[in-house]
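[1] I would like to see how this sequence folds:
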Amino acid sequence: MSVNIQNLQDGDSRAIYKIVNFDMRVYQRLKMFVHAESLPECTAENDPGDLNLFVRIGSDFENNYYEYEIPLTMSSAVGS
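    Okay, the predicted model is just below:
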(Lines give C-alpha, C1' and ligand atoms only; values in the text may rest on other atoms or scores of the structure.)
Protein backbone atom coordinates (compact mmCIF):
# COMPACT_ATOMS: atom_id res chain seq x y z
CA MET A 1 0.00 0.00 0.00
CA SER A 2 1.31 3.44 -0.84
CA VAL A 3 -0.03 6.79 0.32
CA ASN A 4 1.01 10.18 -1.03
CA ILE A 5 0.24 12.97 1.45
CA GLN A 6 1.26 16.55 0.78
CA ASN A 7 0.88 19.82 2.69
CA LEU A 8 -0.06 18.17 5.99
CA GLN A 9 -0.45 20.86 8.64
CA ASP A 10 0.65 20.52 12.27
CA GLY A 11 -1.94 18.49 14.19
CA ASP A 12 -3.65 17.10 11.06
CA SER A 13 -3.95 13.39 10.30
CA ARG A 14 -4.90 11.20 7.35
CA ALA A 15 -6.38 7.73 7.49
CA ILE A 16 -6.75 4.52 5.53
CA TYR A 17 -9.34 2.03 6.73
CA LYS A 18 -9.32 -1.70 6.29
CA ILE A 19 -12.28 -3.56 7.73
CA VAL A 20 -11.65 -7.27 8.20
CA ASN A 21 -13.73 -10.07 9.64
CA PHE A 22 -11.24 -12.11 11.61
CA ASP A 23 -10.19 -12.18 15.24
CA MET A 24 -6.69 -10.73 15.56
CA ARG A 25 -6.44 -11.87 19.20
CA VAL A 26 -5.41 -15.35 18.03
CA TYR A 27 -2.05 -14.00 16.77
CA GLN A 28 0.89 -13.87 19.15
CA ARG A 29 2.80 -11.31 17.10
CA LEU A 30 1.92 -8.90 14.30
CA LYS A 31 4.54 -7.22 12.13
CA MET A 32 4.22 -4.18 9.91
CA PHE A 33 7.02 -2.55 7.97
CA VAL A 34 6.72 1.19 7.34
CA HIS A 35 8.85 3.49 5.23
CA ALA A 36 8.47 7.27 4.83
CA GLU A 37 10.24 9.02 1.99
CA SER A 38 10.17 12.49 0.53
CA LEU A 39 9.45 12.80 -3.16
CA PRO A 40 12.16 14.24 -5.45
CA GLU A 41 10.07 17.36 -6.18
CA CYS A 42 9.34 17.93 -2.47
CA THR A 43 11.88 19.94 -0.49
CA ALA A 44 10.16 19.62 2.91
CA GLU A 45 12.12 17.93 5.67
CA ASN A 46 10.96 16.83 9.06
CA ASP A 47 12.69 16.73 12.40
CA PRO A 48 12.56 13.49 14.41
CA GLY A 49 9.21 13.37 16.22
CA ASP A 50 7.44 15.69 13.74
CA LEU A 51 5.75 12.84 11.89
CA ASN A 52 4.10 9.83 13.52
CA LEU A 53 2.35 6.75 12.25
CA PHE A 54 -0.50 5.37 14.30
CA VAL A 55 -2.38 2.12 13.83
CA ARG A 56 -5.69 1.42 15.48
CA ILE A 57 -6.90 -2.14 15.83
CA GLY A 58 -10.34 -2.65 17.25
CA SER A 59 -14.06 -2.98 16.82
CA ASP A 60 -14.94 0.63 16.08
CA PHE A 61 -13.36 4.01 15.29
CA GLU A 62 -14.45 5.85 18.44
CA ASN A 63 -13.69 4.05 21.72
CA ASN A 64 -12.93 0.35 21.38
CA TYR A 65 -9.48 -0.02 19.86
CA TYR A 66 -5.80 -0.51 20.63
CA GLU A 67 -3.55 2.22 19.28
CA TYR A 68 0.14 1.88 18.48
CA GLU A 69 2.15 4.97 17.53
CA ILE A 70 5.72 5.30 16.25
CA PRO A 71 7.71 8.32 15.02
CA LEU A 72 8.76 8.39 11.35
CA THR A 73 11.82 10.01 9.81
CA MET A 74 11.86 10.91 6.13
CA SER A 75 14.47 9.22 3.98
CA SER A 76 15.55 9.97 0.42
CA ALA A 77 13.30 8.87 -2.43
CA VAL A 78 14.10 5.45 -3.87
CA GLY A 79 16.26 5.70 -6.98
CA SER A 80 17.55 9.23 -6.31
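[2] and the residue nearest the centre of the chain, what pLDDT?
    Nearest to the geometric centre of the chain sits Leu53, at 3.5 Å (Cα atoms, centre = their mean). Each residue has a pLDDT score; the one for Leu53 is 87.
[3] ok, now Val78?
    What the model reports for Val78 is a pLDDT of 61.
[4] and if you look at Tyr17?
    The confidence metric pLDDT takes the value 83 at Tyr17.
[5] identify the residues contacting the helix or strand hosting the residue nearest to the centre of the chain?
    Secondary-structure assignment from DSSP states H and E places Leu53 in strand 51-58. For strand 51-58, the external contacting residues (Cβ atoms under 8 Å, 6 or more residues apart in numbering) are 13, 24, 32, 34, 36, 64-74. Where C-beta positions appear, they are placed from N, C-alpha and C, glycine not excepted.
[6] which one of the residues you listed has the most neighbours?
    In terms of neighbours by other Cβ atoms under 10 Å, those top out with Met74 at 18 neighbours.
[7] check the closest residue in space to that residue that isn't next to it in sequence and give its pLDDT.
    Closest residue to Met74 in three dimensions, ignoring its sequence neighbours and counting by Cβ to Cβ, 6 or more residues apart in numbering: Ser38, at 4.7 Å. Per-residue pLDDT puts Ser38 at 76.
[8] next one: Glu45
    63.
[9] cool, Met24 as well?
    pLDDT, read off for Met24, is 77.
[10] now the nearest residue to it once chain neighbours are set aside, which residues is it bridged with?
    If you skip the residues right next to it in sequence, Met24 has Ile57 as its closest partner in space, 6.1 Å away by Cβ to Cβ, 6+ apart. With DSSP bridges as the criterion, the beta-bridge partners of Ile57 are Tyr66.
[11] Ile57: neighbour count?
    Neighbours of Ile57 under the rule other Cβ under 10 Å: 12.
[12] return the set of buried residues in the strand holding Leu53.
    Neighbour counts using 16 or more other Cβ atoms under 10 Å place no residue of strand 51-58 among the buried ones.
[13] same question for stretch 10-26.
    Using 16+ other Cβ under 10 Å, none of the residues of stretch 10-26 count as buried.
[14] measure the residue nearest to Met74 to Ile5 for me?
    In this structure, Ser38 and Ile5 are separated by 11 Å, where distance is defined by Cβ to Cβ, to the nearest Å.
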